[in-house]
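Undergrad: structure, please.
(one chain, ligands or ions: 2)
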Amino acid sequence: MVSERQGRPVGRRLVLGMLGLGAAGVALGPPLQDRLDAALSGVREGDPTGITGLLPGSGGFRFYSVAPSVPQRTAADYRLAVDGLVERPTTYSLADLQRLPRTRLVKDVQCVTGWRVPRTPFTGVRLSRLLDAAGVRPGAGAVRFTCFDGVYSESLTLEQARRTDMLVAYAMDDRPVTHAHGGPVRLYAAPMYFYKSAKWLSGITVTDRVQPGYWERYGYDVDAWVGKSNGRDDAGID
Ligand SMILES: Nc1nc2c(c(=O)[nH]1)N[C@H]1C(S)=C(S)[C@@H](COP(=O)(O)O)O[C@H]1N2
Ligand SMILES: [Mo]
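TA: Numbers count the residues shown, from 1 in each chain. Ligands and ions are numbered 1, 2, ... in the order given. Just a heads-up that it's a prediction; the model follows:
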């Protein structure tokens, strides 16, 4: 279905990760197994990080979801909770987020499997601002992201999360983030492979240490720096 002409071979460590995926599936029982099978149908198309589709007019983006269906959240009913090891747990509406100082970044989006979309603007609030507003408590070391698809999760170290190029984004391509792209609000972890950019973001929880995210349990690097991780340093990614 999806042509992989621009794809690159899946790296050795990713293949090892996929083997782990099969073994984990056996141990975890049928419902998850179904989802893993669905995800693995993506692998057969050369892409291990989810179900992919290339929609007409998608501008080169693929749409990924490890969940079979995802509820819609409107601008009116969307909520983002910031909690965990913080002084002031806070819940934001979309309007609350949009009232905060905004940051627009324009960089290439890059999936770990090799596809890339050049110069894609994302606009939102710096993650560091939300962390500072909540007041991170001593002893915290990481941030965990949860999603209203009920399945996906991601994580960053606190140091990574405080970088100025980590956004809680409500616009992509200078338009509201669409449902297919994880709207109304998704994470945009600009310096990392796109699997870090959790879609349908519903929770930001400050934790003591990193809890590996969805794909990271199956072999992906937690520290997903573009060009420096997932065994692809010498794979020719430019
Ligand atoms: N909630 C959620 N976030 C997710 C994923 C997912 O399956 N579920 N897939 C990740 C992967 S592997 C990629 S490449 C990007 C894809 O974003 P897009 O669908 O907007 O292209 O989202 C990331 N965030
Ligand atoms: Mo991905």
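Undergrad: tell me which strands the longest strand seen in the chain pairs with, and in which orientation.
TA: In the chain, taking DSSP state E as the definition, the longest strand is strand 116-126. Its sheet considered, strand 116-126 pairs with strand 103-110 (antiparallel), strand 166-172 (antiparallel) by DSSP bridges.
Undergrad: work out for me the element residue 159 sits within.
TA: Per DSSP states H and E, residue 159 falls inside helix 158-161.
Undergrad: break down this structure into its strands, ranges please.
TA: 79-84, 90-93, 103-110, 116-126, 142-147, 153-157, 166-172, 175-176, 186-189, 201-207.
Undergrad: nearest to ligand 2, of these?
TA: Closest to ligand 2 of the strands of the chain, according to Cβ to the ion: strand 103-110, at 8.9 Å. Just so you know, the C-beta spots here come from the backbone N, C-alpha and C atoms, and that holds for glycine as well.
Undergrad: return the helix or strand in the chain with minimum mean pLDDT.
TA: Using mean pLDDT, DSSP states H and E, the weakest-scoring helix or strand in the chain turns out to be helix 12-28, at a mean of 36.
Undergrad: tell me what angle the longest strand of the chain forms with strand 79-84.
TA: 70 degrees (axes from the mean of the first three to the mean of the last three Cα atoms, to 10 degrees).
Undergrad: how far out from the middle of the chain is strand 116-126?
TA: 13 Å (Cα atoms, centre = their mean, to the nearest Å).
Undergrad: flag every residue of the protein that's near ligand 1.
TA: When proximity is defined as Cβ under 6 Å from any ligand atom, the chain approaches ligand 1 at 49-50, 61-66, 111, 147, 149, 152, 181-182, 194-195, 197-200.
Undergrad: so which of these sit within helices?
TA: Of these, none are assigned to helices by DSSP state H.
Undergrad: thought residue 187 was touching residue 154?
TA: Yes: shown here, residue 187 and residue 154 form a contact pair, counting by Cβ atoms under 8 Å, at 6.7 Å.
Undergrad: which residues do the two both contact?
TA: 145, 196-198 (Cβ atoms under 8 Å, 6 or more residues apart in numbering).
Undergrad: tabulate those (JSON lines), appending neighbour count and pLDDT.
TA: Below are the shared contacts of residue 187 and residue 154 laid out as JSON lines (neighbours: other Cβ atoms under 10 Å; pLDDT from 0 to 100):
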{"residue": "145", "neighbour count": "25", "pLDDT": "98"}
{"residue": "196", "neighbour count": "28", "pLDDT": "97"}
{"residue": "197", "neighbour count": "25", "pLDDT": "98"}
{"residue": "198", "neighbour count": "26", "pLDDT": "98"}
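Undergrad: show me the shaky parts of this protein.
TA: Within the chain, the stretches with pLDDT under 70 are 1-60, 232-238.
Undergrad: let's go with 50 and repeat that
TA: 1-46, 51, 234-238 (pLDDT under 50).
Undergrad: now distance to ligand 2 too, for the strands of the chain, in JSON lines please.
TA: Formatted as JSON lines, the strands of the chain follow (distance: least, Cβ to the ion, whole Å):
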{"stretch": "strand 79-84", "distance to ligand 2": "22"}
{"stretch": "strand 90-93", "distance to ligand 2": "26"}
{"stretch": "strand 103-110", "distance to ligand 2": "9"}
{"stretch": "strand 116-126", "distance to ligand 2": "11"}
{"stretch": "strand 142-147", "distance to ligand 2": "14"}
{"stretch": "strand 153-157", "distance to ligand 2": "12"}
{"stretch": "strand 166-172", "distance to ligand 2": "15"}
{"stretch": "strand 175-176", "distance to ligand 2": "21"}
{"stretch": "strand 186-189", "distance to ligand 2": "12"}
{"stretch": "strand 201-207", "distance to ligand 2": "16"}
